[in-house]
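Novice: Could you look at this predicted model? Sequence included:
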Amino acid sequence: MELNQVLFDKEKVVELGEVKLKTEGVSLYYRNFQALRNISLEIPDRAITAIIGPSGCGKSSFLRLFNRMNDLIGGARVEGKVEFDDISIYEDAIDVVELRKKVGMVFQRPNPFPMSVFENIAFGPKRHGKKNRKEMEEIIERSLKQAALWDDVKDKLNQSALALSGGQQQRLCIARVLAVEPEVILMDEPCSALDPIATLKIEDLMRELSQDYTIIIVTHNMQQAARVSDISAFFMMEEDRAGILVEKGLTSEIFTNPKDKRTEDYITGRFG
Amino acid sequence: MEMRTNFHKKMRGIQDEIMVLGNMAEVAISQSVDALKNRNLILAHQIINDDIKINRKRYEIEEKCTQLIATQQPMASDLRTMICVLNIITELERIGDYAEGIAKIVIMIGDEPPLKPLIDIPRMADKIIQMLRQSLDAFVQRNAEAAIQVVDEDDEIDNLYNQVFRELLTFMIEDPRTITRATRLIWVAHNLERSADRVTNICERIVFIVTGKMQEIGASNY
């Protein structure tokens, strides 16, 4: 008997933005060791893309391609194309400082500078030439509001950032990124050092920010990837430990009906 | 390497319990038609009592699923399986209700003289039991083709139901005094026909577990 029509088609209800970042056949080497093999992935604008996969599969290395952080590691070499708004970012003419202003990054452990809340946020804009006090105050209020931290810290802007709670410190780091008006935010395990409540606050914040920014998150926590992201990409290691992209797709599909057996096995906990 | 041993062991436990529930529904259908054939009112009352056990078993499984979903956050095929298990147990419980319905009709008929020897109604019951077994086998094996095959067999149930209906209609036209008895047998056949539809629903869920696509596979004519 023939199968009648599919009753419900998820893919029709999700619309994604333009491609903001793109890798095409990218391989990454640290000297002789190949960390990534032939990765082609498009990252949509104003959406959250989650990179998931077992430890050591190159998720963080992949993330650091986009702000050229791998350049800081001796012997790192990139093959293939990495594009930001259709511009190849591994050209000599690219101003890396300007690139890192547009592509901000939040790390695993909150890493505020040992200075006041105000100075933490002002640090980036100052380096990029903003001097006017009035303008700076506006930037600080806007960034802290965007990072959902304003109400917590508005009365203690001059106190040390190190006195804030872990969750507040991480939101401060997000505010610090937002202060230089980036277009992309890279997040490398942003909640792994936080308690569950602080984690949910960051996740809510990410959903808010995804209306205006392109976000890529690397996470070990699959429930987190499932909760916050629009797109998921599953990486794993080949036998020589090089990371490959196994499957990418709508998060709603990847976590309910992945196409590749390896993805299925990983997210259902049948290997890890 | 199996990473979530405890979780998957519990899922297999739930699967075993579905087999138990399926068997209870199967026995209920089989006994209900036996009770009708043999005018066995004691058996009819027993079926009605046993339906409580079927309902209880269903909620027991539902509770275990809820616990597993809350504590283990199943993903992908595990998630689809849990969701479908919740549907499948509802369908099985409803099959039990149809058997109970037939038992109530048996009690209503009481010791009225039989209208005719029963031929097609027991055939319907046998066919349903066969379909139910095949559907649960398909579930255990995660075999979508086998599940679709079972749905195809529902045509046979529809044909038998038609036949029963036409035959009883003829009785009623020829002799209006048979109307009460004939109508009760039509109710029985209708209960069986609905049970078969529940089996086809189970099969659609099995296809969903395997493929991730919710499809209506050949709707019944009734």
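Specialist: Nice, thanks for sending it over. Since we're looking at a predicted model, the values are computed, not measured. Numbers count the residues shown, from 1 in each chain, chains lettered A, B, ... in the order given.
Novice: Tell me the spatial nearest neighbour of B:Arg133, not counting adjacent residues.
Specialist: B:Glu26 (7.0 Å; C-beta to C-beta, 6 or more residues apart in numbering or on different chains). (C-beta placed from N, C-alpha, C; glycine too.)
Novice: So that neighbour is in contact with B:Ser135, correct?
Specialist: No. Using C-beta atoms under 8 Å, B:Glu26 is not in contact with B:Ser135, being 10.7 Å away.
Novice: higher neighbour count, the two?
Specialist: B:Ser135 (27 against 21; other C-beta atoms under 10 Å in any protein chain shown).
Novice: Quickly note the distance from that one to A:Ala47.
Specialist: 41 Å (C-beta to C-beta, to the nearest Å).
Novice: swap in B:Cys203?
Specialist: According to C-beta to C-beta, B:Cys203 stands 37 Å off from A:Ala47.
Novice: helix or strand for the residue in the stretch 151-272 of chain A positioned nearest to chain B, which one?
Specialist: Using C-beta to the nearest C-beta, the single residue of the stretch 151-272 of chain A nearest to chain B is A:Asn257, 2.9 Å away. A:Asn257 is part of no helix or strand when elements are defined by DSSP states H and E.
Novice: what about it, neighbour count?
Specialist: For A:Asn257, the neighbour count with other C-beta under 10 Å is 18.
Novice: Now do stretch B:155-169: everything it contacts.
Specialist: The contact list for stretch B:155-169 (C-beta atoms under 8 Å, 6 or more residues apart in numbering or on different chains) reads B:115-116, B:120-121, B:123-124, B:127-128, B:131, B:182-183, B:185-186, B:189-190, B:192-193, B:196, B:220-222.
Novice: Make a ChimeraX selection of the buried ones in the residues you listed.
Specialist: Here is the ChimeraX command that selects the buried residues among those (16 or more other C-beta atoms under 10 Å in any protein chain shown):
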select /B:115,120,121,123,124,127,128,131,182,185,186,189,190,192,193,196
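Novice: Close to chain A as well: tell me which of the contacts of stretch B:155-169 qualify.
Specialist: Counting by C-beta under 8 Å from any C-beta of the partner chain, the subset of the contacts of stretch B:155-169 that neighbours chain A is empty.
Novice: Give me the pLDDT value at A:Ala122.
Specialist: Predicted confidence (pLDDT) for A:Ala122: 95.
Novice: try B:Lys116
Specialist: On the pLDDT scale, B:Lys116 gets 89.
Novice: now do B:Asn221
Specialist: At B:Asn221, pLDDT is 65.
Novice: before we move on, which element is the closest residue to chain B within the stretch 51-200 of chain A in?
Specialist: Here the stretch 51-200 of chain A gets closest to chain B at one residue, A:Pro54, 10.3 Å apart by C-beta to the nearest C-beta. According to DSSP H and E, A:Pro54 maps onto no helix or strand at all.
Novice: ok, it to A:Leu36 distance?
Specialist: Relative to A:Leu36, A:Pro54 is positioned 14 Å away (C-beta to C-beta).
Novice: More neighbours: which of these two?
Specialist: A:Leu36 (25 against 15).
Novice: State the distance from the more buried one to chain B.
Specialist: 24 Å (C-beta to the nearest C-beta, to the nearest Å).
Novice: show me what contacts that residue?
Specialist: If a contact means C-beta under 8 Å, 6+ apart, then A:Leu36 has A:Val26, A:Ser27, A:Leu28, A:Gly58, A:Ser61, A:Phe62, A:Leu65, A:Ala242, A:Gly243, A:Ile244 as its contacts.
Novice: Let's have those residues in a markdown table, adding pLDDT and distance to A:Asp151.
Specialist: Converted to a markdown table, these look like this (pLDDT from 0 to 100; distance: C-beta to C-beta, whole Å):
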| residue | pLDDT | distance to A:Asp151 |
| --- | --- | --- |
| A:Val26 | 97 | 42 |
| A:Ser27 | 97 | 46 |
| A:Leu28 | 97 | 41 |
| A:Gly58 | 95 | 39 |
| A:Ser61 | 95 | 37 |
| A:Phe62 | 97 | 35 |
| A:Leu65 | 97 | 36 |
| A:Ala242 | 96 | 46 |
| A:Gly243 | 97 | 41 |
| A:Ile244 | 97 | 44 |
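Novice: Could you report the separation of the residue in chain B that chain A sits nearest to from B:Pro117?
Specialist: Among the residues of chain B, B:Gly212 lies closest to chain A, at 2.9 Å counting by C-beta to the nearest C-beta. When C-beta to C-beta is applied, the distance between B:Gly212 and B:Pro117 equals 48 Å.
Novice: of the two, who's got more company?
Specialist: Neighbour totals were compared for B:Gly212 and B:Pro117, and B:Gly212 leads with 16 against 7 (other C-beta under 10 Å).
Novice: need the contact list for that one.
Specialist: Residues near B:Gly212 by C-beta under 8 Å, 6+ apart: A:Thr256, A:Asn257, B:Arg80.
Novice: The first one against B:Arg80, yeah?
Specialist: Yes. Proximity of A:Thr256 to B:Arg80 meets the contact threshold set by C-beta under 8 Å, at 6.6 Å.
Novice: Give the buried residues for the helix or strand hosting A:Thr263.
Specialist: Per DSSP H and E, A:Thr263 falls inside helix A:261-267. Buried positions in helix A:261-267, judged by neighbour count with 16+ other C-beta under 10 Å: A:Arg262, A:Thr263, A:Glu264, A:Asp265, A:Tyr266, A:Ile267.
Novice: which intervals of the chain have sub-threshold pLDDT?
Specialist: Since no chain was named, I'll use chain A. Chain A contains residues with pLDDT under 70 at A:1-15, A:272.
Novice: Please refer instead to chain B.
Specialist: Ranges of chain B meeting pLDDT under 70: B:1-2, B:219-222.
Novice: Who is the nearest residue to A:Asn70 once chain neighbours are set aside paired with across the strands?
Specialist: Leaving aside its chain neighbours, A:Asn70 sits nearest to A:Ala76 (4.4 Å; criterion: C-beta to C-beta, 6+ apart). Beta bridges link A:Ala76 to A:Tyr30 when assigned by DSSP bridges.
Novice: For burial, what's the neighbour tally of A:Ala76?
Specialist: 18.
Novice: Tell me which residues touch it, please.
Specialist: Going by C-beta under 8 Å, 6+ apart, A:Ala76 touches A:Leu28, A:Tyr29, A:Tyr30, A:Asn70.
Novice: Quick one: the strands in the stretch 1-150 of chain A, in order.
Specialist: Taking DSSP state E, counting those that start in this stretch as the criterion, the stretch 1-150 of chain A carries its strands at A:19-30, A:33-44, A:48-52, A:76-84, A:87-88, A:103-106.
Novice: got it, and the stretch 151-272 of chain A?
Specialist: For the stretch 151-272 of chain A, applying DSSP E, counting those that start in this stretch gives strands covering A:184-188, A:214-218, A:231-237, A:243-250.
Novice: so what's B:Thr170 up against?
Specialist: Per C-beta under 8 Å, 6+ apart, neighbours of B:Thr170: none.
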